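A.B. asks: okay, sequence plus prediction incoming.
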Amino acid sequence: MAISKVMHMKDSGSGFHGRHLRRSINYILNPDKTQDSRLIGGVNCQPDMAFEQMKETKRKFGKIDQRQGYHIVLSFKEGEITPETAYEITEKFIEQYLRNQYEVVFSVHDNTDHIHSHIVFNSVSCIDGMKYHYKKGDWEKEIQPITNRLCEEYGLSILEIGDEKSDPDSGYQNWSVNRDGPFVWSDMIKRDLDACILQNNTFDDFLVMLKDKGYELKQGKYLAVRPPGMSRFKRCKSIGDEYSEERIKQRILEEDMSSYLKKQQTEVKPQIVRCHVKRYRRAKMSGMQKRYYAKLYRIGMLKKKPYSQVYQYKDDIRKMHRLQQQYLFLARHDVKSSVELAATIMNLTDKRKEVSSEKSKIYRNQKKFETLFQIAEDMTALKECENTYQSGDNFFEEEHKRWIDLEQQLKSLGYTYEETVELKNYYRKLCSEINQKEKAVVKELNIGKSIWKDTVKDEDAKVLEDIIEKEKIIETVKQPVR
């Protein structure tokens with residue numbers, strides 16, 4: 001019987017949106033759990049480069065924030081399936097459910113008694129840029145029925161999906177909690193904790209092995225762990241009495257692989273455990289309480305605070321910033337009169353012309369290497385394919401031939417790929433620097449012109465205009481005189 005469950009990876013914030021997505025991918029690709037990566041596959045992406053390709057798709061369609069991806073787990077009944085069959089079923093499930101619309105990386109983990117597969121896919125389609133949406137009811141309408149059809153095809157037992165109200169003992173009712181995640185996470189954490197306890201002789205070594213498996217740890221009053229893909233930390237003691245920090249330390253001293261094998265050989269009688277939860281309704285307000293809160297609302301004590309009134313002063317704030325810039329300009333250039341202001345504007349105008357001339361020269365020189373840069377850009381797009389080909393993957397043979405052809409073109413022009421990339425970076429740096437320089441000069445010149453416009457008086461106008469005319473900058477600085 002195969003049971004499916006769906007989880008999603010949240011946005012980790014502007015610092016690194018896809019942190020949870022990358023952790024989930026790294027977790028499912030663990031070679032120790034996938035027969036040295038033999039049970040790993042990908043759709044629309046290379047498994048080793050899956051996160052980078054998913055990130056590039058998000059950037060391409062401008063959807064880098066919010067939900068980053070989804071994680072589907074298919075769990076199979078113990079002893080009912082082989083890892084190879086689980087791999088085939090997982091591959092067919094992806095084809096039928098996601099229909100090649102998303103970048104997908106998947107794997108089969110056979111390091112536990114229950115063989116299970118993991119499917120992690122991008123939240124943004126690489127075909128049309130649309131986001132995947134999981135709606136309430138999709139599990140019983142689409143996901144689990146596909147799993148059941150595939151199980152029937154391979155002669156496996158299936159999970160019955162009945163009406164929860166009419167059939168409280170249906171398969172859907174029994175497994176809905178597992179589908180939503182908490183018990184499956186606990187089971188996975190429990191297995192990893194047991195494995196680390198058996199393989200280590202000290203508590204410190206136990207913690208190191210957990211970290212090596214990708215777990216994050218918190219050691220405060222209670223030991224808490226978070227596996228890759230899980231959004232919150234889970235206290236070990238909440239999993240069971242055998243997993244409190246004190247009990248773990250005891251078990252490390254008491255248990256080893258030989259005791260584990262003896263325990264496995266002893267027959268354990270199965271038990272049915274039922275849990276009855278008593279639910280309490282929220283207390284309703286009495287009539288007197290309702291009248292009291294209504295009175296508080298009427299007299300204004302429960303009203304929300306008004307929004308900020310800063311917008312009323314935005315013009316004054318803008319004017320203050322402008323005056324501050326003008327004052328700093330006068331201090332920087334030691335301007336004490338209108339004549340000195342005109343001379344400063346003249347100097348800045350000349351400087352702007354010099355920078356503009358220098359910029360034109362750099363861009364003309366850069367244009368001479370345009371053919372080289374285009375070839376290098378085409379080679380950069382093929383670089384990952386070339387690296388994969390060099391690693392022994394003949395799938396990219398056509399890309400390899402194209403790479404050789406481009407490499408020969410560069411060689412005929414007297415350059416290698418590395419030299420061309422270095423030259424391109426050099427000109428990119430020069431262009432960036434000259435643009436910043438030009439921007440700074442233009443900004444300074446504009447401040448000077450604004451001071452000219454605000455401060456020139458009628459009695460100074462004729463003197464200033466004579467100076468400007470002599471220096472031939474009348475077109476750049478002349479403004480209406482007040």
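C.D. replies: Yep, it's here.

A.B. asks: let me see the domain layout of the protein.
C.D. replies: 2-175, 184-265, 317-477 (automatic domain parsing).

A.B. asks: kindly reformat those domains as CSV containing distance to S286.
C.D. replies: C-beta coordinates here come from the backbone N, C-alpha and C atoms, glycine included. Shown next, in CSV, are those (distance: least, Cβ to Cβ, whole Å):
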stretch, distance to S286
domain 2-175, 33
domain 184-265, 37
domain 317-477, 51
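
A.B. asks: so of the ones you listed, which one's packed in deepest?
C.D. replies: domain 2-175 (a mean of 18; mean count of other Cβ atoms under 10 Å).

A.B. asks: and that one, how far out from the chain's middle?
C.D. replies: Put simply, domain 2-175 sits 18 Å off its chain's centre (Cα atoms, centre = their mean, to the nearest Å).

A.B. asks: for the record, mean pLDDT for it?
C.D. replies: Taken as a whole, domain 2-175 has a mean pLDDT of 81.

A.B. asks: ok, now stretch 419-432?
C.D. replies: Mean predicted lDDT for stretch 419-432 stands at 93.

A.B. asks: how about residues contacting that stretch?
C.D. replies: Residues outside stretch 419-432 that contact it (Cβ atoms under 8 Å, 6 or more residues apart in numbering): I362, Y363, N365, Q366, F369, L372, F373, I375, A376, T380, L410, Y415.

A.B. asks: make it 6 Å
C.D. replies: Stretch 419-432 is contacted from outside by I362, Q366, L372, F373, A376, using Cβ atoms under 6 Å, 6 or more residues apart in numbering.

A.B. asks: repeat for stretch 66-74
C.D. replies: Stretch 66-74 has contacts (Cβ under 6 Å, 6+ apart) with 2, 4-9, 11, 18, 21, 24, 116-123, 229.

A.B. asks: picking that back up, show me the contacts of stretch 419-432 that map onto helices.
C.D. replies: I362, Q366, L372, F373, A376 (DSSP state H).

A.B. asks: so which of the domains of the chain is nearest M288?
C.D. replies: domain 2-175 (38.2 Å; Cβ to Cβ).

A.B. asks: circling back to that earlier point, which of the contacts of stretch 66-74 fall within strands?
C.D. replies: Counted as lying in strands by DSSP state E, out of these, are 2, 4-9, 116-122.

A.B. asks: if we can go back for a sec, which among the domains of the chain is found nearest to A294?
C.D. replies: Using Cβ to Cβ, the nearest of those to A294 is domain 2-175, at 35.7 Å.

A.B. asks: on that earlier part again, could you provide the ones in helices among the contacts of stretch 419-432 in JSON lines, with additional columns for distance to G79 and pLDDT?
C.D. replies: What follows is those, written out as JSON lines (distance: Cβ to Cβ, whole Å; pLDDT from 0 to 100):
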{"residue": "I362", "distance to G79": "71", "pLDDT": "94"}
{"residue": "Q366", "distance to G79": "67", "pLDDT": "93"}
{"residue": "L372", "distance to G79": "62", "pLDDT": "92"}
{"residue": "F373", "distance to G79": "60", "pLDDT": "92"}
{"residue": "A376", "distance to G79": "56", "pLDDT": "91"}
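
A.B. asks: what's the most distant pair in those residues?
C.D. replies: Farthest pair in the ones in helices among the contacts of stretch 419-432 (Cβ to Cβ) is I362 and A376. Separation: 18.7 Å.

A.B. asks: still on that earlier bit, closest to M188 out of the ones in strands among the contacts of stretch 66-74?
C.D. replies: H116 (8.8 Å).

A.B. asks: beta partners for the closest one?
C.D. replies: Beta bridges link H116 to S75, H109, judged by DSSP bridges.

A.B. asks: make JSON lines out of the contacts of stretch 419-432 and add distance to D212.
C.D. replies: Shown next, in JSON lines, are these (distance: Cβ to Cβ, whole Å):
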{"residue": "I362", "distance to D212": "51"}
{"residue": "Q366", "distance to D212": "49"}
{"residue": "L372", "distance to D212": "46"}
{"residue": "F373", "distance to D212": "44"}
{"residue": "A376", "distance to D212": "40"}
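
A.B. asks: so for I451, what's the nearest residue that isn't a sequence neighbour?
C.D. replies: In this structure, I451 finds its nearest non-sequential neighbour in Q326, 5.1 Å apart by Cβ to Cβ, 6 or more residues apart in numbering.

A.B. asks: now do the one you found against K453, distance only.
C.D. replies: Distance, Q326 to K453, using Cβ to Cβ, to the nearest Å: 11 Å.

A.B. asks: do the same with I252
C.D. replies: Taken as Cβ to Cβ, the span from I252 to K453 is 80 Å.

A.B. asks: tell me the SS of A224?
C.D. replies: strand (DSSP: H, G, I helix; E, B strand; the rest coil).

A.B. asks: for it, list each beta-bridge partner.
C.D. replies: Counting by DSSP bridges, the residues bridging with A224 are K218, R235.

A.B. asks: longest helix anywhere in this protein?
C.D. replies: Taking DSSP H as the criterion, the chain has its longest helix at helix 417-455.

A.B. asks: how long is stretch 94-108 end to end?
C.D. replies: 13 Å (Cα to Cα, to the nearest Å).

A.B. asks: and if you look at stretch 193-210?
C.D. replies: This stretch, stretch 193-210, spans 8 Å end to end (Cα to Cα).

A.B. asks: how far does it sit from the chain's center?
C.D. replies: 31 Å.

A.B. asks: ok, now stretch 231-251?
C.D. replies: Centre to centre, stretch against its chain (Cα atoms, centre = their mean), the figure for stretch 231-251 is 30 Å.

A.B. asks: look up how far Y27 lies from the residue nearest to R232 when sequence neighbours are not counted.
C.D. replies: In this structure, R232 finds its nearest non-sequential neighbour in R226, 6.8 Å apart by Cβ to Cβ, 6+ apart. Plainly put, R226 is 11 Å away from Y27 if you go by Cβ to Cβ.

A.B. asks: to Q289, which of the domains of the chain lies closest?
C.D. replies: Taking the domains of the chain one by one with Cβ to Cβ, domain 2-175 is closest: 34.3 Å.
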